[in-house]
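Enquirer: fold the stuff below for me.
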Amino acid sequence: MNDEKNISSGMSEVVKTVCNIVEGFIFVFGCYIVLYGQLSPGGGFAGGVILAAVFILIMLAFGKERVLKIMPRKRGAFIEALGALSFLAVAWAGLYVSGIFFKNFIPTTAASHFKLMSGGTILIYNIAIALKVMAGLFLVFFVLSITRVILEGDKLKMVKKQ
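Expert: I've put the predicted structure just below:
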């Protein structure tokens, strides 16, 4: 009976061990893609997808209980809203500082080229987009994984999986 419970709460021990090894590397790589998106291929969307993949990997390997300890649904919704609001706040800050919506108001010099803050507000936009995409994709996957659609006669009925 105990073996049946372990199987239902995730995958095999090999998959769980590999997941424990690679989840940190994938998370750091996602952060790298977000932070250096203005200097190399990547950015907020690509990094956000990679960061969401970490949480999806944890959910697939260990089950929903472990991932909900890391990111409960309310925290995911808060992070998604925080990403959207911070993106909009920086855009409005450009309007407030210079009179132009989305104006890059962080000054950069020729000496700062190819450095982390050389893009001005682009780094802040990338972080905000990454938060929004990461939380949004994870929440979509989570809701799809806990919802089941049943056909009853002519109507579709959605029920929560147990």
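
Enquirer: CA atoms for contacts and neighbours, from now on please.
Expert: Will do.

Enquirer: residue 103 contacts residue 91, correct?
Expert: Yes. Using CA atoms under 8 Å as the test, residue 103 is close enough to residue 91 to be in contact (7.0 Å).

Enquirer: against which helices or strands is the host helix or strand of residue 88 packed?
Expert: Residue 88 belongs to helix 73-98 when elements are defined using DSSP states H and E. For helix 73-98, the elements it packs on are helix 122-146, judged by 3 or more CA pairs under 8 Å, 6 or more residues apart in numbering; DSSP states H and E.

Enquirer: next structured bit after the helix it packs on?
Expert: Next in sequence after helix 122-146, counting helices and strands by DSSP H and E, comes strand 147-152.

Enquirer: what's the average pLDDT for that next one?
Expert: Along strand 147-152, the predicted local confidence has a mean pLDDT of 80.

Enquirer: and the helix holding residue 88, which residues are buried?
Expert: Judged by neighbour count (16 or more other CA atoms under 10 Å), helix 73-98 contains these buried residues: 73, 76-77, 79-84, 86-87, 90-95.

Enquirer: residues near residue 17, how many?
Expert: Neighbours of residue 17 under the rule other CA atoms under 10 Å: 11.

Enquirer: and it, what's its pLDDT?
Expert: According to the prediction, residue 17 has pLDDT 94.

Enquirer: export stretch 103-114 as PDB, just CAs?
Expert: These are the backbone C-alpha positions of stretch 103-114, laid out as PDB (Å, rounded to 0.1, in the frame of the first residue of the first chain):
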ATOM      1  CA  LYS A 103      10.800  56.400 -22.500                       C
ATOM      2  CA  ASN A 104      14.200  54.900 -21.500                       C
ATOM      3  CA  PHE A 105      14.900  57.300 -18.600                       C
ATOM      4  CA  ILE A 106      17.900  55.500 -17.200                       C
ATOM      5  CA  PRO A 107      20.900  57.200 -18.700                       C
ATOM      6  CA  THR A 108      23.600  55.100 -20.300                       C
ATOM      7  CA  THR A 109      27.100  56.000 -21.600                       C
ATOM      8  CA  ALA A 110      29.300  54.600 -24.300                       C
ATOM      9  CA  ALA A 111      31.500  53.200 -21.500                       C
ATOM     10  CA  SER A 112      28.600  51.100 -20.200                       C
ATOM     11  CA  HIS A 113      28.000  49.200 -23.500                       C
ATOM     12  CA  PHE A 114      27.900  45.400 -23.100                       C
END
